[in-house]
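J.: Below are the sequence and a predicted model for it; my questions follow.
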Amino acid sequence: MNTDIRTLCSTFIQNRDTVKKVFSSDSSYIIPVSANIFSANGLMADTAKLEMCKKLIKKNEGVFSPFRGNVKSVLAAKLSASDDPEEKLSYVNRTYKMLTGYFGKNDYTALLSLIFADMLPEDETENAAVRGKAIFKLMKKDHPWLTSSEDCVMAGLMAMSEKTDTDLLEDAEECFAILKKSFSDKNALQTVSQVFALSDESAVTKTERFTSLFDQLRQAGKKYGKSYELSTLASVSLLSNNVQELCGTICEADDILSGQKGYTGVFGLDKRKRLMHAAMITADLYQPADNTNIAASASALVLIAAQEAAMCAAIVAATIAASTTYSN
């Protein structure tokens, strides 16, 4: 583990406030996951560097680019955390352009390009895209009504797994069949099952530990969301066999966040989103002390999935909030 949960929460809040200062008009759902990019890597966000990266994005990205939309602060955080923001942006853009041929132009393809740029040498990205598209098609075949553009992120992560495509999809299907007996949001469960497919444990072991963590949080008075928030909790449940310890850490993080600006009052994020952020920060505890050049092992993919699940959930929430505001 990197450090204690109180230190991580304090770092997260400071990073969130810094990101919010630079991206004041961005969605309140996106800013926390952007801030967590720094926290997960043991870094403090720098206002000047973030401002520079913001200008770099504006200079190099067209008005209709997804990098100027929901993932803007996410990209800026990634660039700011890198040694060479300009080269990083160039790599991301090349990767995104290639990926659009497989997954189209949208926020999720943009997010996947950030993952590939972080995880893979450039000469391996197209092979991963080809495999990711094949996995995506298998997802579509199994669940034609549930599979959508957001699933390209998990398809891309699964493409970096050492497991075969068949093993990945069969594992996901087994987890889905078990979990649908207890949870009703099938779209959320599909993502949870895809996260679980990254792990080498049995479907029964993974789903039982996840359900136990969810139940223990409820018993502790913490009502975890049953929709898009679930994939973050699923990722966290894979990080330790000690469910009681995971539950206690999430609860402690949630208690700390509950007293922080942005999580209180009428305009603060609701308790379910706060609890998801507590789970996201808990995952940061399991980041290796030196995560540079991290291999795409099962454990590494699970850690990446914890971050990306929170990002996808934030994009979904921001999209829903924007459409609701527009319709009203």
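T.: Arrived safely, thanks for sending.
J.: only C-alpha atoms for contact and neighbour calcs from this point on.
T.: Will do.
J.: residues contacting residue 156?
T.: Contact analysis of residue 156 by C-alpha atoms under 8 Å, 6 or more residues apart in numbering lists 112, 128-129, 131-133.
J.: Could you report the distance from it to residue 249?
T.: 30 Å (C-alpha to C-alpha, to the nearest Å).
J.: so what secondary structure elements neighbour the longest helix seen in the chain?
T.: In the chain, ranked by residue count with DSSP state H as the criterion, the top helix is helix 298-327. Judged by 3 or more C-alpha pairs under 8 Å, 6 or more residues apart in numbering; DSSP states H and E, the packing partners of helix 298-327 are helix 30-40, helix 151-158, helix 230-237, helix 271-284.
J.: possible to save the ones you listed as JSON lines with mean pLDDT?
T.: Output for those, formatted as JSON lines (pLDDT from 0 to 100):
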{"stretch": "helix 30-40", "mean pLDDT": "94"}
{"stretch": "helix 151-158", "mean pLDDT": "96"}
{"stretch": "helix 230-237", "mean pLDDT": "96"}
{"stretch": "helix 271-284", "mean pLDDT": "95"}
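J.: Name the nearest residue to residue 149, ignoring sequence neighbours.
T.: The shortest distance from residue 149 to any non-neighbouring residue, by C-alpha to C-alpha, 6 or more residues apart in numbering, is to residue 108 (6.6 Å).
J.: I'd like to know how many residues surround the one you found.
T.: The number of residues packed near residue 108 is 23, by other C-alpha atoms under 10 Å.
J.: Could you give me the buried positions within the longest helix of the chain?
T.: For helix 298-327, the neighbour count (16 or more other C-alpha atoms under 10 Å) marks 298-318 as buried.
J.: and the residue lying closest to residue 176 once chain neighbours are set aside, how far is that from residue 66?
T.: The shortest distance from residue 176 to any non-neighbouring residue, by C-alpha to C-alpha, 6+ apart, is to residue 193 (5.5 Å). Look at residue 193 and residue 66: by C-alpha to C-alpha, they are 27 Å apart.
J.: Assign a three-state SS to residue 246, would you?
T.: Here residue 246 is helix, with the state taken from DSSP: H, G, I helix; E, B strand; the rest coil.
J.: my read: it touches residue 238, true?
T.: No: contact between residue 246 and residue 238 fails when scored by C-alpha atoms under 8 Å: they sit 10.1 Å apart.
J.: okay, the two: which has more neighbours?
T.: Taking neighbours as other C-alpha under 10 Å, residue 246 and residue 238 compare with residue 238 leading, 25 against 21.
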